[in-house]
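Q: Sharing a model prediction with you, sequence too.
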Amino acid sequence: MGFILHGVGVSSGIAIGRALLMSHATLDVAHLTITAKQAEREIGRLDRALESVREELLSLRAQNESSAIAPTELLAFIDLHMLFLSDPELVEATRNIIRERLCNAEWALVQRMEQLSGQFEQFEDPYLRERKNDVLQVGERVIQELLGKPARTTLGKAKGKTPETTEENLIIVAHDLSPTDTIAFKGRHFASFVTDVGGATSHTAILARSMTIPAIVGLESARAMIRDGEWLIVDGQRGILMINPDEQILDEYRIKKELLELERSKLKRLKSTVAQTLDGIPVRLLANIEIPSDTDAVLESGADGIGLFRTEFLFLGRSDIPSEEEQFEAYRQVVKAMDGRPVIIRTFDLGGDKMLDRQRTPTNPALGRRAIRLSLSEPKMFHTQLRAILRASRYGNVKLLIPMLSHARQIDASLSAIAHAKISLAEEKIPFARDIEVGGMIEIPGAALAIQMFLKRLAFLSIGTNDLIQYTLAIDRSDEQVASLYDSLHPAVLALIAHTLASAEKMDIPISICGEMAGEPKFTRLLLGLGLRTFSMQPSQIMEVKSHIIQADVEELTPLARSIIKLDETGKIEEAVEKLNLGEFIQSPDE
């Protein structure tokens with residue numbers, strides 16, 4: 001019997017396919033008692049499973065050595081896991097448990113994993129303490145092999161494909177997807193993602209939008225209620241997940257899916273169309289990227305450049321810090337691909353929901369030592385990144401962006417660190433662009449209200465609406481339990497955006513919005529009316545936003561947008577924005 005689950009639709013579109021569960025194999029392990037004669041057979045099963053996983057990782061390593069899709073992150077991840085597969089603390093100890101307790105290999109491995117996890121928890125060093133996650137992940141892969149369920153999660157490949165179970169027809173069902181998972185999925189072609197947790201600006205949501213596939217988050221219990229292989233319909237626009245729908249509903253949604261795909265194909269005709277409003281106002285459309293291979297999608301979208309290169313994704317899924325040379329090659333690859341178009345490289349925004357493997361998990365990561373706070377407290381790591389960015393700047397039009405600034409002293413310290421990196425390169429006679437522009441992210445309410453100190457010190461600004469909304473409304477944007485309170489049209493949020501845009505315009509400082517609001521077509525006309533002239537979004541969103549820009553008249557929108565931000569309730573604002581998008585006149589509250 002079919003049923004429906006409701007969540008938060010974070011990437012529009014319709015997907016129809018079979019469920020592919022990202023499972024926790026340890027939950028499926030039974031404790032079986034065996035005889036002494038059977039012990040050696042169980043050890044043989046364990047050894048064969050270990051060898052099978054080792055071969056899978058070797059094959060995966062070979063596939064990714066020449067890949068542009070986060071190669072350093074995946075290779076480091078694979079190498080670390082292969083070391084654990086040969087570690088006697090894991091392998092020999094599990095063999096001993098089988099012999100001594102006369103139990104099946106799966107159960108013995110789970111016992112050893114729990115023992116090692118407890119030992120790692122006792123370490124004072126946060127890096128060593130976090131290594132328990134690697135033990136658990138390696139053990140998961142081996143257990144799946146023992147259970148006859150080879151890994152089909154982040155890095156695995158499904159076996160025994162049929163037309164219905166090719167990646168294009170599979171819908172990933174998971175409790176959650178980590179930023180590391182999202183990097184690995186970049187090279188895959190799944191039909192959709194649905195997760196129990198997450199919010200509108202979670203990394204699952206951003207990934208889905210960048211891949212132009214529908215997605216729903218915050219479903220709460222989908223992973224527990226759905227079985228592998230069940231038919232699913234994902235309606236990303238409405239946030240509805242249908243499980244085992246009947247043939248009539250399947251046929252209806254197949255027709256809807258075809259119509260949506262037809263509309264998207266029509267938008268591709270706008271690639272070479274200039275982004276200019278009806279009254280002749282030019283608008284720049286930039287793209288957000290996570291990894292170097294994203295530049296293909298940027299060029300395909302017709303974007304004017306890259307408005308946000310999220311460099312922290314180069315740091316995720318690995319146990320060490322990427323070297324200066326690794327970072328330099330990644331940045332240079334992007335800059336050269338863009339061939340003179342602007343490339344705004346943001347220094348790493350680690351912390352919050354993107355933790356480096358060696359970081360401890362803080363009590364409140366969103367408010368803790370993250371982004372520029374972490375960079376300034378780790379001067380060697382920051383210096384390495386700055387040198388890599390500066391070295392890449394000689395190959396094109398590079399700008400440097402500092403995240404999560406809140407104090408003048410942070411701006412001054414960042415500029416000092418950049419100057420120090422320049423001096424070190426000059427002393428070594430390594431070329432770089434000496435006049436590289438430095439900008440700052442406005443994503444903290446205090447920064448927006450004290451905007452003058454940023455305008456005096458920086459060459460450009462970029463509003464990060466994802467965090468600005470989170471901090472303004474005191475909401476954890478990755479927590480599905482408060483997802484309904486995440487409100488882009490809250491009066492306070494709009495007031496901060498309007499104030500920041502107006503202040504930058506007054507000082508003639510370039511400013512953009514690089515948060516998810518910029519890529520939402522329903523906000524395009526409002527933002528144009530508030531004075532925004534540079535939007536930065538996922539490449540897949542550019543065509544649709546452009547279609548709204550070329551039909552807009554800024555002279556008409558400006559007074560209407562100013563009327564909207566005077567409204568004092570979200571409901572009234574939503575109604576007004578809807579009318580704005582329909583081209584209806586809005587009565588100013590002062591009239």
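A: All right, it came through fine. Residues are numbered from 1 along each chain as shown.

Q: For residue 535, which three-state class applies?
A: Here residue 535 is recorded as strand under DSSP: H, G, I helix; E, B strand; the rest coil.

Q: what sits against it?
A: 283, 284, 285, 286, 307, 512, 513, 518, 519, 524, 527, 545 (Cβ atoms under 8 Å, 6 or more residues apart in numbering). In short, each C-beta sits where N, CA and C put it, glycine included.

Q: which one of these sits closest to residue 409?
A: Taking Cβ to Cβ as the measure, residue 409 sits nearest to residue 512 out of these, at 24.8 Å.

Q: Assign that closest one to helix, strand or coil.
A: strand.

Q: So it versus residue 504, what's the distance?
A: Distance, residue 512 to residue 504, by Cβ to Cβ, to the nearest Å: 10 Å.

Q: one step back: restricted to helices, list the contacts of residue 535.
A: 524, 527, 545 (DSSP state H).

Q: Whichever of these count as buried, I'd like them selected in ChimeraX; how would that read?
A: A single ChimeraX command selects the buried members of the ones in helices among the contacts of residue 535 (16 or more other Cβ atoms under 10 Å):
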select :524,527,545
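
Q: for the ones in helices among the contacts of residue 535, which one is nearest residue 141?
A: Nearest to residue 141, judged by Cβ to Cβ, of these is residue 545 at 41.1 Å.

Q: domains in this structure, as residue ranges please.
A: With automatic domain parsing as the criterion, the domains of the chain are listed as 3-22+156-258, 26-146, 285-518+531-539.

Q: Which one of those domains has the poorest average confidence?
A: Mean pLDDT is lowest for domain 26-146 out of the domains of the chain, coming in at a mean of 80.

Q: Let me know how buried residue 575 is, in neighbour terms.
A: Residue 575: 14 surrounding residues under other Cβ atoms under 10 Å.

Q: returning to that earlier point: any residues in contact with both of residue 512 and residue 504?
A: Shared contacts of residue 512 and residue 504, counting by Cβ under 8 Å, 6+ apart, come down to residue 461.

Q: Give me the sheet partners of the top strand by length along the chain and which way each runs.
A: Longest strand in the chain by number of residues (criterion: DSSP state E): strand 14-21. Note on strand 14-21: by DSSP bridges, its sheet partners are strand 170-174 (parallel), strand 231-235 (antiparallel).

Q: And the next helix or strand after it, what does it pack against?
A: Moving toward the C-terminus from strand 14-21, the next helix or strand (DSSP states H and E) is helix 36-64. Helices and strands touching helix 36-64, by 3 or more Cβ pairs under 8 Å, 6 or more residues apart in numbering; DSSP states H and E, are helix 71-85, helix 91-101, helix 105-121, helix 132-146.

Q: Of those helices, which is nearest residue 255?
A: Among the helices and strands packed on helix 36-64, the nearest to residue 255 by Cβ to Cβ is helix 132-146 (37.9 Å).

Q: just to revisit the earlier point, among the contacts of residue 535, which pair sits farthest apart?
A: 307 and 524 (15.3 Å).

Q: Quick check: phi and psi at residue 342.
A: Backbone torsions of residue 342, given as degrees, to the nearest 10, read phi -60, psi 140.

Q: can you tell me how far it sits from residue 512?
A: 10 Å.

Q: Next: residue 459.
A: Residue 459 sits 13 Å away from residue 512, taking Cβ to Cβ as the criterion.

Q: Next: residue 54.
A: Separation of residue 54 from residue 512 (Cβ to Cβ) stands at 47 Å.

Q: Between the two, point out the one with more neighbours.
A: Using other Cβ under 10 Å as the criterion, residue 54 and residue 512 rank with residue 512 on top: 24 against 16.

Q: isn't that one right next to residue 536, touching?
A: Yes - using Cβ atoms under 8 Å, residue 512 is in contact with residue 536, at 5.3 Å.

Q: Touching both of the two, which residues are there?
A: Here residue 512 and residue 536 share the contacting residues 286, 307, 462, 518, scored by Cβ under 8 Å, 6+ apart.
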